[in-house]
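Q: build me a model from this:
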Amino acid sequence: MLSTALLTALLEAERALGRLAEACQDEGQRRRLWADAARREARAAARLDGIAIDGTDVLIATINPDLTGTADRPAALAAHALWQGARFAQGLRDRPNPHPRTRVARGPVAGPGGARTGTQGVAAEVWRAVALLERGEEGESLADHADDGDDGDIDGVNGKERSHAIAGDAPPAPLTVRWIESAWRVLEADVSGRDPTDLRLTTEQEADAAALLERLDRAGQAPALLGAVGVLAELMRPVPDQRTPAWLRPTMRLLATRTVAHHCRLPGLWLPLSTGLWTDRTAAAIAARSGDEAWRLWLTDRVAETARRERQRLATLDQTAQSWRRRMGERRRNSRLPEVIDGLFDTPAFTVRHLQQRLGTTFRGAQLLVNDLVEAGVLRDVTNRALDRVFVAVELLP
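A: Here you go, the predicted model:
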């Protein structure tokens with residue numbers, strides 16, 4: 001029996017999610033919001049892991065962690081991995097592709113992990129069905145996509161699944177062992193610099209992942225948002241949580257970003273829930289220790305608040321784009337400034353060389369474009385050095 005407080009909170013959250021879904025119908029605006037949300041999620045997740053990093057270094061880390069100062073590099077590597085994980089959770093990055101650099105000792109972000117067995121229970125079937133609908137595969141049965149267990153592969157992932165998990169076309173459905181494994185590989189490969197095909201889970205890690213899926217299956221039996229809150233109650237419980245090994249927490253946070261969208265059949269939503277968990281971490285810890293009802297009520301309120309903030313952020317990003325265009329005015333009307341401005345939402349930090357390569361122009365042409373944006377107050381040099389200067393759109397700091 002639901003309490004009045006929880007029922008009221010669920011209704012408020014559903015209203016907020018509906019308004020956000022309506023605002024995200026435009027593909028361009030949705031892409032802009034998701035790119036911004038991935039950076040904010042990465043910074044919040046890093047801070048939840050005890051990694052102190054400011055917004056400027058997060059933006060620099062998205063292009064190359066080695067461009068940060070030596071003292072800040074371990075934090076930048078962790079933020080880069082978490083950002084890549086967020087992009088993977090959004091379905092925008094399927095293949096672990098660590099940036100070229102010398103191998104660095106692993107930082108505070110432990111590689112998460114998945115196992116290689118089949119999907120678990122009713123909730124897994126729901127998630128997989130939604131994934132098939134989103135890919136336009138309604139005509140195929142769930143059995144056509146069932147995991148094959150250990151048949152034909154010593155690691156329990158058959159050849160088709162491995163191509164998805166490592167080099168793949170379509171990412172595996174969430175709440176499956178394949179998805180957990182793929183997310184873990186993205187995070188672990190990026191931090192360690194190892195070839196993702198060399199990454200293997202131990203038997204103990206596989207058991208941890210299977211135990212998590214069983215808990216999520218039980219927690220997500222209720223329909224729609226109520227089921228999503230039940231899953232979030234397992235995924236977002238603050239540390240210390242004796243049931244959750246440290247290496248699995250980053251992947252659990254990535255699952256949390258997709259939970260509401262999948263349970264509520266709203267594929268246009270992606271909620272950076274780590275931001276709220278970090279901002280309100282004291283209240284979260286108190287709620288988690290006050291019993292299931294208090295914890296689920298806090299999570300429901302947080303879902304509603306996150307949806308409202310994302311809708312506000314979407315409007316802010318639109319206003320920012322308009323402001324930038326007004327500031328540029330008639331400057332260099334025949335230049336590629338509009339293209340660069342639109343690209344800032346996806347890549348708000350870059351060097352002149354990066355911009356040159358992206359536009360396919362000369363170094364001099366890219367430098368002139370950067371100078372115009374700096375003069376207009378759109379970009380700022382945040383490195384204060386002669387070589388490899390990094391320019392950042394300060395209004396997009398996470």
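Q: make it CA atoms for all contacts and neighbour counts henceforth
A: Will do.
Q: can you map out the helices along the stretch 101-250 of the chain?
A: Taking DSSP state H, counting those that start in this stretch as the criterion, the stretch 101-250 of the chain carries its helices at 121-134, 159-165, 177-192, 203-219, 224-235, 249-263.
Q: quick one, which of those helices gets closest to W34.
A: helix 249-263 (11.1 Å; Cα to Cα).
Q: angle of that closest one against helix 177-192?
A: 140 degrees (axes from the mean of the first three to the mean of the last three Cα atoms, to 10 degrees).
Q: what packs against helix 249-263?
A: Judged by 3 or more Cα pairs under 8 Å, 6 or more residues apart in numbering; DSSP states H and E, helix 249-263 is in contact with helix 73-89, helix 121-134, helix 177-192, helix 224-235, helix 273-279.
Q: wait, which of those helices is closest to G377?
A: With Cα to Cα, the closest approach to G377 among the helices and strands packed on helix 249-263 belongs to helix 73-89: 25.4 Å.
Q: which other residues reach that closest one?
A: The contact list for helix 73-89 (Cα atoms under 8 Å, 6 or more residues apart in numbering) reads 35, 38-39, 41-43, 45-46, 51-53, 57-58, 60-62, 64-66, 68, 93-94, 106-109, 183, 186-188, 190-191, 250, 254-255, 257-258.
Q: mind running it again at 7 Å?
A: The list of residues contacting helix 73-89 from outside it, by Cα atoms under 7 Å, 6 or more residues apart in numbering, reads 38-39, 42-43, 46, 51-53, 57-58, 61-62, 65-66, 93-94, 107, 109, 183, 186-187, 190-191, 254.
Q: A315 and L20, how far apart?
A: For A315, the distance to L20 equals 11 Å [Cα to Cα, to the nearest Å].
Q: what about those two, which has more around it?
A: Taking other Cα atoms under 10 Å, A315 and L20 do not tie; L20 has more neighbours (22 against 14).
Q: surely that one forms part of a helix?
A: Yes - counting by DSSP: H, G, I helix; E, B strand; the rest coil, L20 is found in a helix.
Q: who's in contact with it?
A: By Cα under 7 Å, 6+ apart, the neighbours of L20 are A307, R311.
Q: buried residues, stretch 287-297. List them.
A: By neighbour count with 16 or more other Cα atoms under 10 Å, stretch 287-297 contains the buried residues A287, A288, A294, W295, R296, L297.
Q: just curious, which of these is nearest to D217?
A: R296 (16.5 Å).
Q: and this structure, what are its domains?
A: Following automatic domain parsing, one gets these domains for the chain: 71-309, 329-396.
Q: span of the first one from start to end?
A: So the one you mean is domain 71-309. One end of domain 71-309 sits 33 Å from the other (Cα to Cα).
Q: which among the buried residues of stretch 287-297 gets closest to Q242?
A: Taking Cα to Cα as the measure, A288 is the one of the buried residues of stretch 287-297 closest to Q242, at 13.3 Å.
Q: farthest-apart pair in the buried residues of stretch 287-297, please.
A: The widest separation within the buried residues of stretch 287-297 (Cα to Cα) is 10.0 Å, between A288 and L297.
Q: look up how far I53 lies from M328.
A: For M328, the distance to I53 (Cα to Cα) stands at 31 Å.
Q: leaving out chain neighbours, which residue sits closest to S335?
A: Once flanking residues are discounted, S335 sits nearest to L369: 8.0 Å by Cα to Cα, 6 or more residues apart in numbering.
Q: can I get the helix or strand containing the one you found as CSV, trimmed to CA atoms?
A: Using DSSP states H and E, L369 sits within helix 363-375. Presented in CSV, the C-alpha positions along helix 363-375 are these (Å, rounded to 0.1, in the frame of the first residue of the first chain):
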residue,chain,number,x,y,z
PHE,A,363,45.6,26.6,-38.9
ARG,A,364,45.4,30.4,-39.6
GLY,A,365,41.7,30.1,-40.5
ALA,A,366,41.0,28.3,-37.2
GLN,A,367,43.0,30.8,-35.2
LEU,A,368,41.0,33.7,-36.7
LEU,A,369,37.7,32.0,-35.7
VAL,A,370,38.9,31.4,-32.2
ASN,A,371,40.1,35.0,-31.9
ASP,A,372,36.6,36.2,-32.9
LEU,A,373,35.0,34.0,-30.3
VAL,A,374,37.4,35.2,-27.6
GLU,A,375,36.8,38.8,-28.4
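Q: buried ones in that helix?
A: For helix 363-375, burial by neighbour count (16+ other Cα under 10 Å) applies to G365, A366, Q367, L368, L369, V370, D372, L373, V374.
Q: residues near the closest residue to L254 other than its chain neighbours, how many?
A: Distance criterion Cα to Cα, 6+ apart; nearest residue to L254, sequence neighbours excluded, is A89 at 6.0 Å. If you count neighbours by other Cα under 10 Å, A89 ends up with 25.
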